[in-house]
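**Student:** this is a predicted model, with the sequence first.
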Amino acid sequence: MTKTIGIHSFRRGTGKTFFTGNLGLLLAQEGWRVAIVDTDFQAPDLHTLFDIPLTEITTTLNDYLDGNSPLASAIYEVTHRVSALKGKLYLLPASTDHNAITKILRQGYAVEKLGETFRQLSKTYALDAILMDTSAGLTEESLRSLALADSVAIVMLPDQQHFQGTAVMADLAHQLRVPSISLVVNQVPEVYNPAQVKLEIETKYENPVLAVLPFVEECRADEQFFVLKYPTHPLTVSLMQIVLGLLK
């Protein structure tokens, strides 16, 4: 049975797209068949992680949701772009066209069709997992995406705005009856004790913290395929722990 996992955050700039792409790589590296879906219709950029030129993206998730194209034409297999993958990795990008972005933000889309998207993906490509990079914040699009997930990881930064906003997001996810909700705390300063941060946040939110991650300079210098380039890096080890936690 395909596991659908949403990666979300209260605000932009938390690293959720980096996490989504690299979690997908880890799963494919282990032999899983994985699709990564960009439901961040406001600012889609998952394709950049796989160095796909926009000229090669002729059809997107927006086109399928609008009824302008079949789903198969918007699926891009990216396995061949990455070495050392035992499984399969597919990308379903969102449109970067300004008109398409404006249209979907104004008019929305049928949540039933997004659900059908996941069902078709799962059946056609015999997927083990679908990872969603959601739209940050309390948008209608992000809430629709979260409602379709089996498991949601909310990525947060250690500041007051994120503490307050993440509390709201976690509560809404519970109201949407997401079966499993967990937190990832990113870019934690070295002066903080990770174990103490984990304990305090789990106590405050009553949700498990899968990882407390420090700021990692390499993420900015080389965001592509981090887990493959740095297989023994502590961040890669932590990302694998996050994967295992989300798949429970």
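**Tutor:** Great, that's in hand.
**Student:** I'd like the average pLDDT over the lengthiest strand in the chain.
**Tutor:** Selection of the longest strand in the chain by residue count, based on DSSP state E, yields strand 180-188. Rounded to a whole number, the mean pLDDT of strand 180-188 is 90.
**Student:** what lines up beside that strand in the sheet?
**Tutor:** strand 151-156 (parallel), strand 209-214 (parallel) (DSSP bridges).
**Student:** and of those, who's closest to residue 76?
**Tutor:** Of all those, it is strand 151-156 that lies closest to residue 76, at 23.9 Å by CB to CB. Any C-beta I mention is one placed from the backbone N, CA and C, and that applies to glycine too.
**Student:** against residue 196, how distant is residue 178?
**Tutor:** Counting by CB to CB, to the nearest Å, the gap between residue 178 and residue 196 amounts to 27 Å.
**Student:** try residue 97
**Tutor:** According to CB to CB, residue 97 stands 46 Å off from residue 196.
**Student:** neighbour count for those two, which is higher?
**Tutor:** Between residue 97 and residue 196, counting by other CB atoms under 10 Å, residue 97 is the more crowded of the two (14 against 10).
**Student:** next one, pLDDT for the more buried one please.
**Tutor:** The score at residue 97 is 91. That number is its pLDDT.
**Student:** check the gap between it and residue 197 for me.
**Tutor:** According to CB to CB, residue 97 stands 40 Å off from residue 197.
**Student:** for this structure, what are the low-confidence residue spans?
**Tutor:** Per-residue confidence of the chain (counting by pLDDT under 70) places the weak regions at 218-224.
**Student:** show me the strands in this structure, by range?
**Tutor:** Defined through DSSP E, the strands belonging to the chain, from first to last, are 3-8, 33-39, 76-77, 88-92, 129-134, 151-156, 180-188, 209-214.
**Student:** what strands line up against the shortest one, and which way round?
**Tutor:** For strand 76-77, the paired strands and their directions (DSSP bridges) are strand 88-92 (antiparallel).
**Student:** chain center to the partner strand: distance?
**Tutor:** Between the mean C-alpha point of strand 88-92 and the mean C-alpha point of its chain there is a distance of 13 Å (CA atoms, centre = their mean, to the nearest Å).
**Student:** picking that back up, buried deepest among the strands paired with strand 180-188, which one?
**Tutor:** Each of the strands paired with strand 180-188 was given a mean neighbour count from mean count of other CB atoms under 10 Å, and the largest, a mean of 26, is that of strand 151-156.
**Student:** the strands of the chain: which one's closest to residue 15?
**Tutor:** When the strands of the chain are compared by CB to CB, strand 180-188 sits nearest residue 15, at 5.1 Å.
**Student:** ranges for the helices of the chain?
**Tutor:** 16-29, 46-49, 61-65, 98-107, 111-125, 140-147, 160-175, 194-205, 217-221, 226-229, 234-246 (DSSP state H).
**Student:** so which of those helices gets nearest residue 131?
**Tutor:** With CB to CB as the criterion, residue 131 lies closest to helix 16-29 of the helices of the chain, at 5.1 Å.
**Student:** tell me which other helices or strands the closest one touches.
**Tutor:** Using 3 or more CB pairs under 8 Å, 6 or more residues apart in numbering; DSSP states H and E as the contact test, the elements touching helix 16-29 are strand 3-8, strand 33-39, helix 46-49, strand 88-92, strand 129-134, strand 151-156, helix 226-229, helix 234-246.
**Student:** and the residue of the chain most remote from its centre, how close does it get to residue 197?
**Tutor:** Within the chain, residue 191 marks the point farthest from the mean C-alpha position, 28.3 Å out by CA atoms, centre = their mean. Using CB to CB, residue 191 is found at 11 Å from residue 197.
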